[in-house]
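S.K.: Sequence isn't available, so here's the structure alone:
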């Protein structure tokens, strides 16, 4: 029987690491099979194919970020219920989440299929890559329900304190995606279509496997068909917690889409180079992302149990782990970026040069994000998701977009300076997080119930 894990007692650092490692492994494998698309297309396809996959995958990543953000509401709510020892309500929370995301998936699928051409136009997909971008969007859009279900199931397991099952399912999905890419893109020369089909197929199998595990092992609480219905209080709590995160992630992703559109206007080589760099950035940010997700689950349980000091100790532990990893990754990104880019664009020296120029800026962001993501995870676990939304939107629209646009107007155009828009945004966001943390800590000293208001 699949049990829920309680993080409100005992040591913190070691359990946090044990919980975060499977999350890290799952994120690594997700980045890997996203990177495999780029690697296979980069080695067996054309520069236009690389550009199409980059542009199309950015939109799908945006949609996925919205799903993950909204599903964080379910993760946090499940954690708080466990902390408050209200496990009899966990099945209803899960059922409400399933209904909500099924409706959302159907709506977005219809929108993508209808709007694929206009979306590619808005994103200024280069002429050589336009048809491939539209094709990628439509294939991934057709399989969107699997993508929604895949991410929701991961959020549910993490909310229950189980990070191992998502790792297991994503590992299988990764193998399927790699095999699919090599067969469809490398063997059958299907290019962009092959990469999209392999991605959807991999996540479909992952969903099936997750459902099989639930059916085989069972859960430590009652859950069945009768629980799959919308219960208004749970729906309201899920949306209240998750919508600000989803809204923030949407607008931040849109800001990156704007940056991608700005770079696309510089030509297919620059577009392909940024595509390679962004895939690498997915790997570079793995440890901070894993700590952020893990901390939200840890902190949510302790806030639910009324253990503020234990939540603070979780933040301290997370910062030590994340910043140490950030220093290492910043070094490799800045000084060995050419080698890293060559893994995804072998033989395409012009694309590698563009990617490395952009990556050097990301080295600075790696240091800032390693701290900022910890605070974001902490505030999410506290249920302070509206602040998380505001700081993210502020950084994206007051710094990242205008900075990128101004740098694009400079002569000569430098991808390094366009890339510096991201660390500039992260610096502002980290500053806001530190100020808000000081505010919340001060309030908690005066009123221990403040965090629940």
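M.R.: Good, I have the coordinates. These numbers were taken from a predicted model, which means no experiment stands behind them.

S.K.: buried residues in stretch 92-101?
M.R.: 92-98, 100-101 (16 or more other C-beta atoms under 10 Å). The way it works is simple: take the backbone N, C-alpha and C, and place the C-beta from them, glycine included.

S.K.: let me fix that: stretch 60-78
M.R.: Neighbour-count burial for stretch 60-78, counted by 16+ other C-beta under 10 Å, picks out 60-78.

S.K.: Let me know the average pLDDT across that stretch.
M.R.: Predicted confidence along stretch 60-78 averages 83 (mean pLDDT).

S.K.: Residue 371 and residue 315: what is the separation?
M.R.: Using C-beta to C-beta, to the nearest Å, residue 371 is found at 11 Å from residue 315.

S.K.: Look at the two and report which has more neighbours.
M.R.: Between residue 371 and residue 315, residue 315 has the larger neighbour count (other C-beta atoms under 10 Å), namely 22 against 19.

S.K.: Touching, residue 153 and residue 169? I think so.
M.R.: Yes - here residue 153 reaches residue 169: they are 7.5 Å apart, a contact under C-beta atoms under 8 Å.

S.K.: Report the set of residues contacting both of these two.
M.R.: Shared contacts of residue 153 and residue 169, defined by C-beta atoms under 8 Å, 6 or more residues apart in numbering, comprise residue 210.

S.K.: which residues does residue 109 contact?
M.R.: Residue 109 neighbours (C-beta under 8 Å, 6+ apart): 141-142, 144-145.

S.K.: Try it again at 10 Å.
M.R.: Residues in contact with residue 109 (C-beta atoms under 10 Å, 6 or more residues apart in numbering) are 63, 140-145, 147-148.

S.K.: Could you do residue 242 as well?
M.R.: Going by C-beta under 10 Å, 6+ apart, residue 242 touches 66-77, 97, 100, 155, 380, 385.

S.K.: rerun that using 7 Å as the cut-off
M.R.: 69-74 (C-beta atoms under 7 Å, 6 or more residues apart in numbering).

S.K.: Can you tell me how far it is from residue 170?
M.R.: When residue 242 is compared with residue 170 (using C-beta to C-beta), they lie 21 Å apart.

S.K.: swap in residue 27?
M.R.: 8 Å.

S.K.: With neighbour numbers in mind, choose between the two.
M.R.: Between residue 27 and residue 170, residue 170 has the larger neighbour count (other C-beta under 10 Å), namely 27 against 22.

S.K.: now the more buried one, what's its secondary structure?
M.R.: With DSSP: H, G, I helix; E, B strand; the rest coil as the basis, the three-state label of residue 170 is helix.

S.K.: now, among the buried residues of stretch 92-101, which is nearest to residue 441?
M.R.: residue 93 (29.4 Å; C-beta to C-beta).

S.K.: where's that closest one, which helix or strand?
M.R.: Element membership for residue 93 (DSSP states H and E) is helix 90-122.

S.K.: so how far is that helix off the chain centroid?
M.R.: In this view, helix 90-122 has its centroid 17 Å away from the chain centroid, taken as C-alpha atoms, centre = their mean, to the nearest Å.

S.K.: got it, and stretch 335-351?
M.R.: Counting by C-alpha atoms, centre = their mean, stretch 335-351 comes out at 24 Å from the chain centroid.

S.K.: Ends of that stretch, what's the gap?
M.R.: 18 Å (C-alpha to C-alpha, to the nearest Å).

S.K.: could you check the angle helix 90-122 makes with the strand or helix carrying residue 139?
M.R.: Residue 139 belongs to helix 130-142 when assigned by DSSP H and E. Inter-element angle recorded for helix 130-142 and helix 90-122: 170 degrees (by axes from the mean of the first three to the mean of the last three C-alpha atoms, to 10 degrees).

S.K.: Tell me which residues are up against helix 130-142.
M.R.: Contacts for helix 130-142 (C-beta under 7 Å, 6+ apart): 48-49, 52-53, 55-56, 59-60, 109, 112-113, 116-117, 119-120, 125, 191-193, 196-197, 199-200.

S.K.: List only buried entries from these.
M.R.: Applying 16+ other C-beta under 10 Å to the contacts of helix 130-142 flags 48-49, 52-53, 55-56, 59-60, 109, 112, 116, 119-120, 125, 191-193, 196-197, 199-200 as buried.
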